[in-house]
Each structure stands twice: as structure tokens, then as C-alpha cells.
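Trainee: sharing a model that was predicted from the sequence below.
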Amino acid sequence: MNCSINTKFVIPTFLERNQLKMNHVCFYLLLLTTACGMLFTFLPRISAQLWKFSSASGARSLSMRAVLVDKPGPPDESMRLAHDVPVPQAAPGELLIQVAYTGLNRADLLQRMGRYNPPKGASNIMGLEVSGLVKQVGPGNVGMASRFRPGDRVMALLAGGGYADYVNVSAELAIRIPDSMSLRDAGALPEAWLTAYQLLSFVGSIRSGERVLVHAGASGVGTAALQLAKQLFGAVPFATAGSAEKCSLAVRLGAERCFNYREQPDWPAELLSATSSAGVNVLLDCIGAAHLGANARVLATDARWVLYGLMGGADLPPEQASGFLGALLSKRASLIATLLRNRPDE
């Protein structure tokens, strides 16, 4: 039906006698249609203003989804999706990110099992890296936060909180995503690549031409470390892994040699042979006790052994512990233990 007021309606006679009433009906329909159009036009703006008002007033009435762990254990017994978690607020110097992607890391699995608790003051929600859009810049627009604007595409390293619709993070830990990179790819970068970078650079003090051994060479941190060691630092990387397929990947990513510790139990001898008995200057170790004696064998003089995980256990076997300190002392080696998660933002 055309609801123009001036339209002549071709309708039954009994309605023709009520033409004035029909004109009034059409007038109100037009008014209602116009109002609806204006509502849909301005609704997004109104929503954005309500968000700003809520954030500025510190209101916590907005809710989000988040994956929560009620008790340590397997996924089907410990995890649940909650729909009523309060949206966090961005403090001065922080960003509130609307999460598009979050990465799954070994640390998340350990936290779910109760073996890797978040640092004091960090969110209990799992998730150590995200990509997404800046929803809000903290009050005052201070510090590094001044570099960002709502709508910016960012990736961020977190102490926790990534398994949710929104997460707040220090602007110090956020990186603007290049136009050539997708949100999906960016969501898997911060934890592994920044861990690998700080292990090699800040902790291991790697130098061009030095030899570095990367355990778990096909892992997230391992694959990042091999590429960074060779392409960024100009070092000569070696790797260990638990299968031929994983070793093949490590070599494709830059390892000079990769040793399958399951099929090459005397891999330290093969590594020493490959380095003309010189050994490695830097060792990135996420294994721990299982490779203790073997690690001591392959260290070069003045080597830096960087321990950042305990996948192979924390208790030292007596047969490997014997003579361990003497081996470190004779090579003037440094054993450095580190974690990325509990480092300060700076």
C-alpha cells in the first residue's frame, strides 16, 4: 500500500466513506517509519555514547563472555563458558581491547591443571596473547596509551585474561598490527615470539656468529627462536625434537642440524661433532631435569644456559646430578632461570 497522504485509494465503498480516517492512519504510519529510520541511524552512536558514559563513570554493569576454570583438571571437568563476567575497565595507561583472536599456549594448559598460577594482581582468566580492536583508551590518555585510538588493530602480550570478549592491558604491551597482517596471524605472535626474543637477547645475550641450541625446536617458542637466531641475530642455531617430522620442520626454519633425542640418545656427541667439539654458546632449555647431564656436556666455555621451562621435570636424577656443578664450574658457564609472565611491563 502506498501511504502517501495525497493518494487516491481504490478500495471498497464502505472505506471510501471513511477516507479521512485512512489518511490519518497513513500519516501515522509514515511518522512511525520515519522514527524507525532515525532510530536505526543513530542507534550505533547512542550505543557508543552509552559505552563511554558507562566506562567514564566506572560502572561495571556491562557483561562479557569468558572461559573460566573452576578447579584444576581436564578441560571437560574444569572449564566453563560464563556469560556474566564484568567487562574490565581500562585504567590510566591501559587499553581495553575487544578480542578477535587469542592464542593457546602450553602455559594455559599448565594453568588449567593448577601448575602455573597467574602473577599477583593478574586476571585469573587464561590467555596470554590476543589480537583485536582498541575499544577504549584509559583516562587521561597518558604514557604509551597516547599512541592508540579506539578502532586501532592491535596485538598484545598479557599476564592473563585473553579467553574473553574484552581484556585490559598496559599500552606498553600492545603493538599496532601492520596492514599486511591479519588479526588471526597476529593473535598467535606475542607470547611465543616475544618469549623467544627476550630469551635470546635480554637473557642469553646472543651475538652474531655464536652457536645456540634450542630444545623443543618445533614448539611455538622453538620455531620463533630458530628464525630469530639465524635471521635477526646472525647466530648458528641447532635444535632437538622428538620426531623426524619435527626435526624436518626445525631444519626448514633455519637449524643447521636437528637431533631426534628419541632415536639419537647420544645426541650430545653428535652435536659436539657438528661443532668441532666447541659446543654451544647459548642454550635455550624448556626441558629441565631430563636433559641435565646432556646439556652440561654440550656447553662451550663461558656459555649461557637459559632455563625457561620444566617439561622434562624439576627433580634432578642422582645419576645426572653427580658432577653437574663441577661441569658448570669448569666451563665458567652461567645457568640463568627466567619467566616472561612475571616480568614487569617495562
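Mentor: Thanks, I have it.
Trainee: okay, now the unreliable bits of the protein?
Mentor: Low-confidence segments of the chain, defined by pLDDT under 70: 1-61, 341-346.
Trainee: roughly how far apart are the residue most central in space within it and residue 290?
Mentor: Central residue of the chain (Cα atoms, centre = their mean): residue 129, 1.5 Å from the mean position. Distance of residue 129 to residue 290, computed by Cβ to Cβ, to the nearest Å: 27 Å. Heads up, the C-betas are built off the backbone N, CA and C, glycines and all.
Trainee: how about the contacts made by the residue nearest to the centre of the chain?
Mentor: The contact partners of residue 129, by Cβ atoms under 8 Å, 6 or more residues apart in numbering, come to 102-103, 105, 155-158, 162, 187-191.
Trainee: give me that answer again for 6 Å
Mentor: 103, 157, 190, 191 (Cβ atoms under 6 Å, 6 or more residues apart in numbering).
Trainee: my read: the second one touches residue 190, true?
Mentor: Yes - the pair formed by residue 157 and residue 190 meets the contact definition of Cβ atoms under 6 Å, at 4.1 Å.
Trainee: want to throw the contacts of residue 129 into CSV with secondary structure, neighbour count and distance to residue 233?
Mentor: Converted to CSV, the contacts of residue 129 look like this (DSSP: H, G, I helix; E, B strand; the rest coil; neighbours: other Cβ atoms under 10 Å; distance: Cβ to Cβ, whole Å):
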residue, secondary structure, neighbour count, distance to residue 233
103, coil, 21, 24
157, strand, 24, 21
190, helix, 23, 19
191, helix, 28, 20
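Trainee: just give me the neighbour total for residue 73.
Mentor: 13 (other Cβ atoms under 10 Å).
Trainee: contact partners of stretch 174-187?
Mentor: Applying Cβ under 6 Å, 6+ apart, the set of residues contacting stretch 174-187 is 95, 100, 101, 103, 131, 153, 154, 155, 156.
Trainee: can you rerun that using 7 Å?
Mentor: 95, 100-103, 129-132, 148, 152-156 (Cβ atoms under 7 Å, 6 or more residues apart in numbering).
Trainee: list the helices and strands the helix or strand harbouring residue 221 packs on?
Mentor: Residue 221 belongs to helix 220-227 when assigned by DSSP states H and E. Secondary-structure packing of helix 220-227 (3 or more Cβ pairs under 7 Å, 6 or more residues apart in numbering; DSSP states H and E): helix 190-198, strand 211-214, strand 236-241.
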